[in-house]
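**Student:** next comes the sequence, and after it the predicted model I'd like to discuss.
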Amino acid sequence: MQNIISTYNVICRIAILFIGLLCTVDSSATTYYFSTSGSDSNNGLSSASPKKSIAAAVPYMTGGNLILFKRGDAWYIPMDSIDLTGHSNFTLNMYGTSGAKPVIAGMALIPQGNWIHNGGGVWRCTSPCQKVFRLFVNGTSCINVETEIGNSGNVASVNTNGEYWLDLSTNTLYVYSGSTTVPPQNVEIIPGNHGTNEQYGFPIIKMENTSAAVIRNIEFRGGHKYYMIRINAPSSSIFFDTCIISRGSWSGFDVGNHKTNMDYVNVIYITNCIIDKGWTLLENNTTALLGGDGISLIHGVEGAHIRSNTILNWGHSGIDLVAYNHATNMWGVHNSIVYRNEVYAGNSGYMHGIEVLGVAGKNTNNIIKRNYFHDYTSTCHLGGNGNYFFSNIFANVKLCTVDVMTKKQPWGGDSYAYTNSITNIYLEYTNNWIVNNTFYNTGGYGLAVGSYNPGDNNVTGNKIQNNIWLNWNQHTPQPPGYGDVGLLIDASVNNGLYYVTYNNFWNVKDSTGNVANIEGTKYTASGLNSAPACGGNCSQNTQLNPRFGSFYTLSAASSATLKTGGINLTGSMPTPFDDYWGHSWRSVGPSRGAIQY
C-alpha cells in the first residue's frame, strides 16, 4: 500500500515541478499576436500589428513562444487541424481586455448570403462538404431527419425547428428556420468528405511526440467525427486550462494510445474547462446510437490530472479511464487523479458519469475523489485494480430516454465484470476502495457488484466502507431487475472476497425493509452484518435516517453513529485523504458519506 501511495506522490511532485518550469520565461522566446482583422504580412509582434491565420500561427508553436489570439475573434478551419506533432515548449492564450474567449473551430460557417428560400420556412444552400456530422444554428444543435424516429431522409421531413437534411445527390443542405424571409442564422457544420483521409474530417488539435504544451482560455469547436482534441502517445507534459470544448460530434478529448505498443501520454492536466458537446432533447429521438466521451484517457496514460471541469451532454460517458485494447502490449492507465469535477447528462438521453475499466493490471492506482456525478442516465463503472473512489457524490440517476438503447442501468455505480468486445478478455474489478461516498436517489441499485461470468476471479478484494445510500429504486414504474436494494453483491462473485463495513442505508419508500442482496438473499442492515455469504467481512452496517442538511451534509439532527461512527481509513488511503469539500477525514471518529461532519 505504501508503495502505491509513494508512487502517486512522486507523480504529483513531478507534475508540480513541470508546472513551475512552464512558468519560467525562455529568454529566446517570442510573443506573437493573432487576430482575424490582422494580416499574415504583419510581423505579429504586437497587438497593433497582429498576424491573421491559424496556418501562420502553427510554425511558431515551439521554442518557448507565446501565441496570443484576440478575444472575441473566431477562426474557422474546416477539414484542417492544428497539427502539433513534434512540437514542444509553447503556450497558447488570449489577449485583449474584453470579449469572449477566442474561438478556433474545425467547422464550416455557412455565409448568410448563400441561403435560398425553398418554401415553407425551409432554406437551402450548396453544401461545402459531402458529409455533415452535426449542424448548429445560432449555437443550438439540430437533428438530421435521416436519423430522426418517424421521419424519412427527404426535404419534406424538414418541417420543424431543429431539423436539417443533406441531399447527397445534389449536395444541397436544407435547414428549417420557420420563416419565409429570415434564413437560419450562424449555421455551423462539422464536415467530412468522401475519401480515405477526409471521410471523418480532422481533429481540431492533433498531438503526437508533443511536449511541454500549455493551452489556456480558448474555445475549441467541431473537428473530427470521433474526437475534437486527440493527444497521441508518446507525448508528455500537456496542459489545458480554462478552455471551452464545445459543439463536438462524438468525443471531446481523446488522450492515449490506440496502437499495439507500450507508449503512453505522460502527465496531462485538463483543468477548469467547460466540456459541453451541446445537445437538444430533440436529438434523443434518434435511430443512431448515442456515443462519445467528454474526456477519454484510453489505453496509454500516466499521471493525468482531471480537475475542476464541468462536463455535460455527452452520449456515452462524461469521463473515461479505460485500458482494454490489448492484454499485454499496452501501457494502460495508471497513477491518474480525477477530482472536483461536476459531471451530468444535461439533455443527453444516455450518459455514464464515469467509467474506470481495464484488463488485468492495466488500470491501477488511480484516484477518483470529490466529484459530483449527478443527473446521469446509466451507471458509473468503478473498476480496474487497486483504484480509489472516495468522497464522491452520485445523485439523481435517471432511466435513459433513448429508444434504441437496450442497456438501461439507472444505478449509482457498479463493479460488474464483463467481457470486452475487442479483446474478448474479462475486465477486472479487483482490490478497489469504494469508501466515503454518498449515493442518492438512484433509479435502481445504489451499487451493484457482480460478474457476467459466474465464478470468475475478476471481482474480488473490494472494500465498500463508510458509504451512505439514500433512496434507491426510485424509478416509477420500476423496470424488472433494475434494482430494488441499495447494494447488490450478485451470486456470480461467490468465489470472491469483499468487505462491506460501516455503511448506512436508508430508503424513504421502505425505511425498515431490505437494503442489500448478498448472493441471492436479501437483508436488512442488521441481517447484512451476519450474512453467511460475507464470511465475516460484513459488519457495522446501519439503517438510519441520515437527516441531511444542505447539499448532502449531515446535520445536527443526524445520528452520532453517522457523524462520528465511521471506520478509520486514513492509513490505508492515498494522501491527501479528504472529503468532498477538501477537509481531512478524521482518523478518530470519521463521518460516513462524502462530507465530513
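**Tutor:** Yes, it's here.
**Student:** quick check: bridge partners of the residue nearest to Leu92 when sequence neighbours are not counted?
**Tutor:** Spatially, and ignoring its direct neighbours in sequence, Leu92 is nearest to Ile215 (4.7 Å; C-beta to C-beta, 6 or more residues apart in numbering). From N, CA and C alone the C-beta is placed, and that goes for glycine too. For Ile215, the beta-bridge partners are Leu92, Phe240 (DSSP bridges).
**Student:** who's in contact with Ile215?
**Tutor:** 91-93, 205, 239-241, 243 (C-beta atoms under 8 Å, 6 or more residues apart in numbering).
**Student:** out of the residues you listed, who's nearest Ala108?
**Tutor:** Ile205 (17.7 Å; C-beta to C-beta).
**Student:** pull the number of nearby residues for the closest one.
**Tutor:** 25 (other C-beta atoms under 10 Å).
**Student:** then the one 3 residues further on?
**Tutor:** Residues contacting Glu208 under the criterion other C-beta under 10 Å number 18.
**Student:** could you list the domains of this protein?
**Tutor:** 108-192, 250-564 (automatic domain parsing).
**Student:** by mean pLDDT, show me the worst of those domains.
**Tutor:** Note on the domains of the chain: domain 250-564 shows the lowest mean pLDDT, a mean of 93.
**Student:** any buried residues in whatever helix or strand Ile268 lives in, and which?
**Tutor:** Following DSSP states H and E, one finds Ile268 within strand 265-271. Neighbour-count burial for strand 265-271 flags 265-271 (criterion: 16 or more other C-beta atoms under 10 Å).
**Student:** quick check: beta-bridge partners of Tyr416?
**Tutor:** With DSSP bridges as the rule, Tyr416 is bridged to Gly450.
**Student:** again, but for Val103
**Tutor:** Residues in beta-bridge contact with Val103 (DSSP bridges): Ala74, Glu219.
**Student:** list the residues that contact it.
**Tutor:** 73-75, 218-221.
**Student:** who wins on neighbours among those?
**Tutor:** Phe220 (29 neighbours).
**Student:** nearest residue to that residue other than its sequence neighbours?
**Tutor:** Closest to Phe220 by C-beta to C-beta, 6+ apart is Ile204, at 5.0 Å.
**Student:** would you list every one of the helices in the stretch 51-200 of the chain?
**Tutor:** 54-57 (DSSP state H, counting those that start in this stretch).
**Student:** same check, this time on the stretch 451-597 of the chain
**Tutor:** Counting by DSSP H, counting those that start in this stretch, the helices of the stretch 451-597 of the chain are 525-529, 560-564.
**Student:** can you check which of these gets nearest to Ile149?
**Tutor:** helix 525-529 (43.8 Å).
**Student:** which other residues reach that closest one?
**Tutor:** 487, 500, 504-505, 514-516, 518, 534, 538-543.
**Student:** what about stretch 218-238, start to end distance?
**Tutor:** 15 Å (C-alpha to C-alpha, to the nearest Å).
**Student:** and if you look at stretch 290-304?
**Tutor:** Start-to-end, stretch 290-304 (C-alpha to C-alpha) is 26 Å.
**Student:** list the buried ones in it?
**Tutor:** Under 16+ other C-beta under 10 Å, the buried positions of stretch 290-304 are 290, 292-304.
**Student:** do stretch 87-99 as well
**Tutor:** Under 16+ other C-beta under 10 Å, the buried positions of stretch 87-99 are 87-96.
**Student:** do the same with stretch 515-534
**Tutor:** 515-519, 522-523, 525, 527-529, 531, 533-534.
**Student:** and the domains of the chain, which is most packed in?
**Tutor:** Among the domains of the chain, domain 250-564 has the highest mean neighbour count (mean count of other C-beta atoms under 10 Å), at a mean of 21.
**Student:** quick check: end-to-end length of that domain?
**Tutor:** Domain 250-564 has an end-to-end distance of 45 Å (C-alpha to C-alpha).
**Student:** number the chain from 12, please
**Tutor:** Done: numbering now begins at 12, and the last item shifts to domain 261-575.
**Student:** what is the nearest of the buried residues of stretch 301-315 to Gly454?
**Tutor:** Distances from Gly454 to the buried residues of stretch 301-315, taken by C-beta to C-beta, are shortest for Leu301, at 17.8 Å.
**Student:** what's the closest non-adjacent residue to that closest one?
**Tutor:** Gly326 (3.3 Å).
**Student:** ok, the one you found touching Tyr361?
**Tutor:** Yes - in this structure Gly326 lies within contact range of Tyr361 using C-beta atoms under 8 Å: 6.1 Å.
**Student:** shared neighbours of those two, which are they?
**Tutor:** With C-beta under 8 Å, 6+ apart as the test, Gly326 and Tyr361 both reach Leu301.
**Student:** picking that back up, what about the residue nearest to Leu301, which SS state?
**Tutor:** coil (DSSP: H, G, I helix; E, B strand; the rest coil).
**Student:** how about it, what does it touch?
**Tutor:** 261, 288, 290, 301-303, 359, 361-362.
**Student:** same question, Ile256
**Tutor:** With C-beta under 8 Å, 6+ apart, Ile256 has these contacts: 230-231, 239-240, 263-264, 284-287, 305.
**Student:** what do you get if the cut-off is 6 Å, keeping everything else the same?
**Tutor:** Neighbouring residues of Ile256 by C-beta atoms under 6 Å, 6 or more residues apart in numbering: 231, 263, 286.
**Student:** which helix or strand contains it?
**Tutor:** strand 255-257.
**Student:** my guess is Ser222 meets His98, correct?
**Tutor:** No - the pair Ser222 and His98 does not pass the contact test of C-beta atoms under 6 Å, sitting 8.2 Å apart.
**Student:** any shared contact partners between those two?
**Tutor:** By C-beta under 6 Å, 6+ apart, no residue touches both Ser222 and His98.
**Student:** tell me which of the buried residues of stretch 526-545 fall in strands.
**Tutor:** 527-529, 533-534 (DSSP state E).
**Student:** got a markdown table for those, with distance to Val114 too?
**Tutor:** Shown next, in a markdown table, are these (distance: C-beta to C-beta, whole Å):
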| residue | distance to Val114 |
| --- | --- |
| Ala527 | 51 |
| Asn528 | 51 |
| Ile529 | 53 |
| Lys533 | 55 |
| Tyr534 | 56 |
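**Student:** so which of those comes closest to Gly461?
**Tutor:** Asn528 (10.1 Å).
**Student:** doesn't Gly497 make contact with that closest one?
**Tutor:** No - between Asn528 and Gly497 there is no contact under C-beta under 6 Å: 9.3 Å.
**Student:** so where is the stretch 12-161 of the chain shaky, pLDDT-wise?
**Tutor:** 12-38 (pLDDT under 70).
**Student:** can you tell me the closest non-neighbouring residue to Leu580?
**Tutor:** Per C-beta to C-beta, 6+ apart, closest to Leu580 is Val446, 5.8 Å.
**Student:** off-centre distance for the strand holding Ile279?
**Tutor:** Offset of strand 276-282 from its chain centre (C-alpha atoms, centre = their mean, to the nearest Å): 14 Å.
**Student:** what lines up beside the helix or strand following it in the sheet?
**Tutor:** Downstream of strand 276-282, the first helix or strand assigned by DSSP H and E is strand 285-287. For strand 285-287, sheet partners with direction are given as strand 255-257 (parallel), strand 321-323 (parallel), following DSSP bridges.
**Student:** just want the angle from the next helix or strand after the last one to strand 276-282.
**Tutor:** Counting by DSSP H and E, the next helix or strand C-terminal to strand 321-323 is strand 328-334. Strand 328-334 and strand 276-282 are oriented at 170 degrees to each other (axes from the mean of the first three to the mean of the last three C-alpha atoms, to 10 degrees).
**Student:** tell me which other helices or strands strand 328-334 touches.
**Tutor:** Applying 3 or more C-beta pairs under 6 Å, 6 or more residues apart in numbering; DSSP states H and E, we find strand 328-334 packed against strand 304-309, strand 343-345, strand 363-369.
**Student:** how about residues contacting the shortest one?
**Tutor:** Translated: strand 343-345. So strand 343-345 is contacted by 308, 312-313, 332, 334, 373-376 (C-beta under 6 Å, 6+ apart).
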